[in-house]
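**Q** Sequence and predicted structure are below.
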Amino acid sequence: MKIYIRSSASISPQNTFGNESFLSEIVEYNGTRLKAIEPDYKEFLDPKLLRRMSHIIKMGAAAAIECLSNSGIEMPGAVITGTAYGCIEDTVTFLTRIVEQNEELLPPTAFIQSTHNTVAAQIALMLKCHQYNNNFVHKGISFESALLDAIMLLKENEADNILVGGLDEMTDISFTVLSRLGLYKRWPVSNLNLYATKSKGSIGGEGAAFFLLTDKASENNLAELTAIKTIFNPKGFEDIEKKIGLFIAENSLKMEDIDLVITGKSGDTRHDEIYERLSHSLFSNTALAHYKHLCGEYPTSAAFALWLASNIIKNEMIPKAVIERNSKQTAPKRILIYNHYQKIYHSLMLVSAT
């Protein structure tokens, strides 16, 4: 059984939402943090509900609605999301009120919406979808886990037209904490010059990307999600290289059959070493592209990479802003996405033309 991506939608620090042009105008930032460019939510969501929605719920709900709209399907057969951080803003709001109000007369809204599964539940409530609803909190492979769950549902004929999303938000408090842990650069940089800045840390990011998965072939499908694999805490570079090679071989392909590799290169010298070594070994004769200078680093950024790959295939062109090493193949038919988060959570996704 083949799994297809019928439609997609992305809210990110770039003009990716509802924009006809595909990454033709890149937004430049100078700092250590990228913020999502948010649409006018009143066009997608009930204004009365908006008042009670936090940042991540608005992003997720709007991206899900737009994804469904792009597919022409009103009701999904399941809603599955993946998030590592969840609703940080609501969690912080609730904890702050506990302190400020001495644990008395606490408004329940922030507590109710502070759980990680809030976005998936809110989408289902808005759509009045009473089907399968799930959320994965698997740190750096949360989105990939959601995809695997959707694929199993499709292969078991438990559901069709499955809405899958990956999303995380960045708040002032979470940015401060993660910066102290050394995840982000200490000095402002241009996101367009990220890979030339050889230092520790990346730039913080956030976003929400949703996809409608189906097993029905159609000329309107964006791409085929051929395969996906997750790797936890590999032993070293040789182990990673071997497992990538096995992944390609398991799909009856050779490396020369891959037209483009999209990597999760983040500008952090500690973590980019893997990508650099692969670019001179396994990926040495393949076109290369990167994406985290556009969306920033966050645990579910692979959702942005999948949005990028599926739209590259549908539009039959690679945006100049993501290319590191080009090839003669200007309209890729097979794209390999390889990303890792903190060198612990690794994932591989193979996307092909339908």
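**A** Cool, got the structure. Since we're looking at a predicted model, the values are computed, not measured.
**Q** Just give me how far stretch 54-74 sits from the chain centre.
**A** Here the centre of stretch 54-74 is set off from its chain's centre by 14 Å, with C-alpha atoms, centre = their mean, to the nearest Å.
**Q** got the buried residues for that stretch?
**A** Along stretch 54-74, these residues count as buried under the neighbour rule (16 or more other C-beta atoms under 10 Å): 54-68, 70-71, 73. All C-beta atoms are positioned from the backbone trio N, CA, C, and that covers glycine.
**Q** Least confident secondary structure element in this structure?
**A** When the helices and strands of the chain are scored by mean pLDDT, DSSP states H and E, helix 109-112 comes last with a mean of 82.
**Q** which outside residues touch that one?
**A** The list of residues contacting helix 109-112 from outside it, by C-beta atoms under 8 Å, 6 or more residues apart in numbering, reads Arg52, Asp90, Thr91, Thr93, Phe94, Arg97, Thr118.
**Q** and what of stretch 88-97?
**A** Applying C-beta under 8 Å, 6+ apart, the contact partners of stretch 88-97 are 54-56, 106-107, 110-111, 113-114, 118, 169, 171, 173-174.
**Q** What about the residues you listed, which one has the most neighbours?
**A** When neighbours are counted by other C-beta atoms under 10 Å, Ile56 leads those with 27 neighbours.
**Q** Send over the helix or strand that contains that residue as CSV, restricted to the C-alpha atoms.
**A** Assigning secondary structure by DSSP states H and E places Ile56 in helix 55-71. Output in CSV follows, covering the C-alpha atoms of helix 55-71 (Å, rounded to 0.1, in the frame of the first residue of the first chain):
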residue,chain,number,x,y,z
HIS,A,55,-0.3,31.0,20.5
ILE,A,56,0.3,27.3,19.7
ILE,A,57,-3.4,26.4,19.6
LYS,A,58,-4.1,29.2,17.1
MET,A,59,-1.2,28.1,14.9
GLY,A,60,-2.2,24.4,15.0
ALA,A,61,-5.9,25.0,14.5
ALA,A,62,-5.4,27.4,11.6
ALA,A,63,-2.8,25.2,9.9
ALA,A,64,-5.1,22.2,10.2
ILE,A,65,-8.1,24.1,8.8
GLU,A,66,-6.0,25.4,5.9
CYS,A,67,-4.7,21.9,5.2
LEU,A,68,-8.2,20.5,5.0
SER,A,69,-9.3,23.3,2.8
ASN,A,70,-6.4,22.6,0.4
SER,A,71,-7.5,19.0,0.2
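**Q** What average pLDDT does that helix get?
**A** Model confidence over helix 55-71, given as mean pLDDT, is 96.
**Q** tell me what the helix or strand that contains His346 is packed against?
**A** Assigned by DSSP H and E, His346 belongs to strand 345-352. Under the contact definition 3 or more C-beta pairs under 8 Å, 6 or more residues apart in numbering; DSSP states H and E, strand 345-352 sits against helix 142-155, strand 223-232, helix 237-250, helix 302-315, strand 334-341.
**Q** Recalculate using a threshold of 6 Å.
**A** Packing partners of strand 345-352 (3 or more C-beta pairs under 6 Å, 6 or more residues apart in numbering; DSSP states H and E): strand 223-232, helix 302-315, strand 334-341.
**Q** which residues are contacting stretch 132-149?
**A** With contacts defined as C-beta atoms under 6 Å, 6 or more residues apart in numbering, stretch 132-149 is touched by 78-84, 116-117, 120, 124, 159, 164, 166, 228, 230, 299-300, 302-303, 341, 345, 347.
**Q** From Ala110, how far off is the closest residue to Leu308 other than its chain neighbours?
**A** Once flanking residues are discounted, Leu308 sits nearest to Tyr291: 5.5 Å by C-beta to C-beta, 6 or more residues apart in numbering. When C-beta to C-beta, to the nearest Å is applied, the distance between Tyr291 and Ala110 equals 33 Å.
**Q** Could you chop the protein up by domain?
**A** With domains defined by automatic domain parsing, the chain comprises 4-214, 226-352.
**Q** what's the span of the last one, first residue to last?
**A** Start to finish, the residues bounding domain 226-352 are 6 Å apart (C-alpha to C-alpha, to the nearest Å).
**Q** What mean pLDDT does it get?
**A** Within the predicted structure, the mean pLDDT of domain 226-352 is 96.
**Q** now stretch 126-146
**A** For stretch 126-146, the mean pLDDT works out to 97.
**Q** chain center to that stretch, what's the gap?
**A** Here the centre of mass of C-alpha atoms in stretch 126-146, compared against the chain's by C-alpha atoms, centre = their mean, lies 13 Å away.
**Q** CA atoms of it as PDB?
**A** Backbone C-alpha positions of stretch 126-146 (Å, rounded to 0.1, in the frame of the first residue of the first chain) are rendered in PDB as follows:
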ATOM      1  CA  MET A 126     -13.900  22.600  16.100                       C
ATOM      2  CA  LEU A 127     -14.500  20.000  13.300                       C
ATOM      3  CA  LYS A 128     -16.900  17.900  15.400                       C
ATOM      4  CA  CYS A 129     -14.700  15.000  14.500                       C
ATOM      5  CA  HIS A 130     -15.500  12.000  16.800                       C
ATOM      6  CA  GLN A 131     -12.900   9.700  15.200                       C
ATOM      7  CA  TYR A 132      -9.400   8.600  16.400                       C
ATOM      8  CA  ASN A 133      -7.600  11.400  18.200                       C
ATOM      9  CA  ASN A 134      -4.000  11.100  19.500                       C
ATOM     10  CA  ASN A 135      -0.900  13.200  20.300                       C
ATOM     11  CA  PHE A 136       2.700  12.100  20.600                       C
ATOM     12  CA  VAL A 137       5.200  13.600  23.000                       C
ATOM     13  CA  HIS A 138       8.400  11.800  22.000                       C
ATOM     14  CA  LYS A 139      10.800  14.800  22.200                       C
ATOM     15  CA  GLY A 140      12.800  15.100  19.000                       C
ATOM     16  CA  ILE A 141      10.800  12.500  17.100                       C
ATOM     17  CA  SER A 142       7.300  13.500  18.200                       C
ATOM     18  CA  PHE A 143       6.200  14.400  14.700                       C
ATOM     19  CA  GLU A 144       7.700  11.300  13.100                       C
ATOM     20  CA  SER A 145       5.900   9.200  15.800                       C
ATOM     21  CA  ALA A 146       2.600  10.800  14.700                       C
END
